[in-house]
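K.L.:
What follows is a predicted structure for the sequence shown.
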Amino acid sequence: MGIKLYKELRLEKPDLIVGWPGIGNIGIIAIDTLRGMLEAEDFGEIEPWDFFYPHGVSIKADLLEELEFPSNKFYFKRVGKKDLIIFIGEEQPSETGAGYAAGEKAYRLANLVLDVGEKFGCQRVYTSGAAVASIHHTMKPRVWAVPNREELIDEIKGYENTILMGEGTISGLNGLLLGVARERGLEGICVMGEIPIYVAHFPVSYPKASKSVLEVLTRILGISIDLSQLDDYVRKIEEQIEGVYRQVPPEVRDHLEKLKDESYATPSERRSIPERDEKEFMERIGKLFEDIDQSLKKEDGKSA
C-alpha cells in the first residue's frame with residue numbers, strides 16, 4: 001500500500017506542481033488545466049485505501065465491479081529543457097470531518113507526494129489554492145504568494161500581479177506540504193488566486209482566479225500556453241454570480257460596490273468596507289448569497 005509507479009522515468013531536477021480541491025476549486029482547476037494543456041502523461045498514483053472512504057461503487061451488466069475512491073495521480077511532462085511532475089488529488093484526507101486535510105493521514109499523504117518528487121530529484125514544489133479577499137467579483141484577481149524560505153521573497157516580488165501574503169494561515173494540504181517540504185530542505189511556494197469573500201461562501205468554482213494563478217505559474221516555469229480556453233468557463237460563472245448579485249438588497253449591494261476601490265496595497269492592509277465588524281458582515285453576505293441561490297434553484301425546480 002502507498003505509492004504505485006507505472007513507468008520508469010529519467011527526469012532532471014523536475015519542479016513538482018500540486019493541486020487539490022479547496023475554496024472555489026481555484027488550485028485544482030489551475031493545475032488540472034495546466035496538465036491538460038501540456039498533455040502530461042500519468043505515471044503513478046498514491047493508493048487511496050489508507051486515506052479515503054469510497055465515493056460509491058461501479059456497476060456493469062447488473063454486477064457490482066469495484067469500489068470507487070478519489071484518485072491521487074502523478075503526471076510528467078518535459079517542456080523545453082524543464083521537467084515537470086504534476087500531482088492532482090481529487091480529495092484532501094481529513095480525520096476531523098472538516099473539508100480540509102488534517103491529522104496524521106494528511107501528514108502521511110504530504111510525505112508520500114514528496115517521496116515521489118525527491119525520487120526524481122525535485123528541488124522545488126508549487127502548491128495552489130484560494131486567497132479569500134475583500135475584492136469585488138468584477139476585478140481581476142491578484143495572486144498571493146507564500147514561500148517556505150526567506151531567500152525566495154525577492155524572487156516573488158518580481159512576479160507580475162503577485163503580492164506576498166504577509167500574515168495569515170494556509171488551510172489544508174497546500175500549507176502542510178510547504179511545511180513538510182521545508183523540513184526536507186526543498187524550496188516551496190504557494191500561489192493563491194483571490195476570491196471575493198462573499199463568493200467564497202457561494203457554492204461555485206471560481207476559474208477567474210485559476211486563470212490568474214496560471215498566468216503567474218506559466219511565467220515562472222517559462223511555459224507558453226493559450227489560457228483563453230478558460231474564458232468561456234469564466235464567463236459562465238460570472239453570469240451565475242451576477243444573477244445572484246442582482247438579487248442582493250440595494251443597501252447591501254452599495255457596500256459591496258465599494259470593494260471595487262483598488263487603492264488597497266497588501267492583503268494585511270486591504271481596504272475595509274464601512275462596517276464595524278467586516279468579517280461578521282461579509283459572512284452574512286455569504287449566507288445571503290447561499291440563501292438566494294437556494295431560492296433560485298427552488299424556483300427553477302417549480303417551473304421545470
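P.N.:
Received, thanks.

K.L.:
Enumerate every residue touching the residue nearest to residue 12 when sequence neighbours are not counted.
P.N.:
Among residues not flanking residue 12 along the chain, residue 83 sits closest, at 5.5 Å (Cβ to Cβ, 6 or more residues apart in numbering). Every residue, glycine included, has its C-beta placed from N, CA and C. Going by Cβ atoms under 8 Å, 6 or more residues apart in numbering, residue 83 touches 11, 12, 13, 14, 15, 76, 77, 120.

K.L.:
Repeat that for residue 24.
P.N.:
130, 193, 195, 199, 200, 204, 205, 206, 209.

K.L.:
Residue 192 contacts residue 132, correct?
P.N.:
No - between residue 192 and residue 132 there is no contact under Cβ atoms under 8 Å: 9.0 Å.

K.L.:
Give me the buried subset of the contacts of residue 83.
P.N.:
The neighbour count (16 or more other Cβ atoms under 10 Å) marks 11, 14, 15, 76, 77, 120 as buried among the contacts of residue 83.

K.L.:
Quickly check the residues you listed for the two that are furthest apart.
P.N.:
For the buried ones among the contacts of residue 83, the farthest-apart pair by Cβ to Cβ is 77 and 120; their separation is 12.7 Å.

K.L.:
Select from the contacts of residue 24 the one having the most neighbours.
P.N.:
Highest neighbour count within the contacts of residue 24: residue 209, with 33 neighbours (other Cβ atoms under 10 Å).

K.L.:
Settle it for me: which of residue 192 and residue 132 has more neighbours?
P.N.:
A count of neighbours by other Cβ under 10 Å puts residue 192 above the other of residue 192 and residue 132, at 31 against 22.

K.L.:
roughly how far apart are the nearest residue to residue 38 once chain neighbours are set aside and residue 11?
P.N.:
Distance criterion Cβ to Cβ, 6+ apart; nearest residue to residue 38, sequence neighbours excluded, is residue 77 at 4.6 Å. Distance, residue 77 to residue 11, by Cβ to Cβ, to the nearest Å: 10 Å.

K.L.:
repeat for residue 211
P.N.:
When distance is defined by Cβ to Cβ, residue 211 is 28 Å away from residue 11.

K.L.:
Repeat that for residue 166.
P.N.:
Plainly put, residue 166 is 35 Å away from residue 11 if you go by Cβ to Cβ.

K.L.:
Quick check: residue 257 touching residue 136?
P.N.:
Yes - assessed by Cβ under 8 Å, residue 257 is found in contact with residue 136 at 7.2 Å.

K.L.:
out of the two, which sits in the more crowded spot?
P.N.:
Per other Cβ under 10 Å, whichever of residue 257 and residue 136 has more neighbours is residue 136, with 17 against 12.

K.L.:
what sits against the more buried one?
P.N.:
Residue 136 touches 196, 256, 257, 259, 260, counting by Cβ under 8 Å, 6+ apart.

K.L.:
make it 10 Å
P.N.:
The neighbours of residue 136, taking Cβ atoms under 10 Å, 6 or more residues apart in numbering as the test, are 196, 198, 199, 245, 256, 257, 258, 259, 260, 261, 262.

K.L.:
can you pull out the helices in the stretch 1-150 of the chain?
P.N.:
Along the stretch 1-150 of the chain, counting by DSSP state H, counting those that start in this stretch, helices occupy 26-38, 103-119.

K.L.:
what packs against the helix or strand containing residue 212?
P.N.:
Assessed by DSSP states H and E, residue 212 sits inside helix 207-221. Where contact means 3 or more Cβ pairs under 10 Å, 6 or more residues apart in numbering; DSSP states H and E, helix 207-221 is packed against strand 15-19, helix 26-38, strand 124-133, strand 143-147, helix 153-157, strand 162-164, strand 187-196, helix 231-245.

K.L.:
if we go to 8 Å?
P.N.:
Judged by 3 or more Cβ pairs under 8 Å, 6 or more residues apart in numbering; DSSP states H and E, helix 207-221 is in contact with helix 26-38, strand 124-133, strand 143-147, strand 187-196, helix 231-245.

K.L.:
Just the CA atoms of it, as CSV, please.
P.N.:
Extracted in CSV, the C-alpha atoms of helix 207-221 (Å, rounded to 0.1, in the frame of the first residue of the first chain):
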residue,chain,number,x,y,z
PRO,A,207,-11.9,29.9,-12.6
LYS,A,208,-11.2,33.6,-12.9
ALA,A,209,-8.7,33.3,-10.1
SER,A,210,-7.4,30.0,-11.5
LYS,A,211,-6.5,31.9,-14.7
SER,A,212,-4.6,34.5,-12.7
VAL,A,213,-2.7,31.6,-10.9
LEU,A,214,-1.9,30.0,-14.2
GLU,A,215,-0.6,33.3,-15.7
VAL,A,216,1.8,33.5,-12.8
LEU,A,217,2.8,29.9,-12.8
THR,A,218,3.5,29.7,-16.5
ARG,A,219,5.7,32.8,-16.4
ILE,A,220,7.7,31.3,-13.5
LEU,A,221,8.1,28.0,-15.4
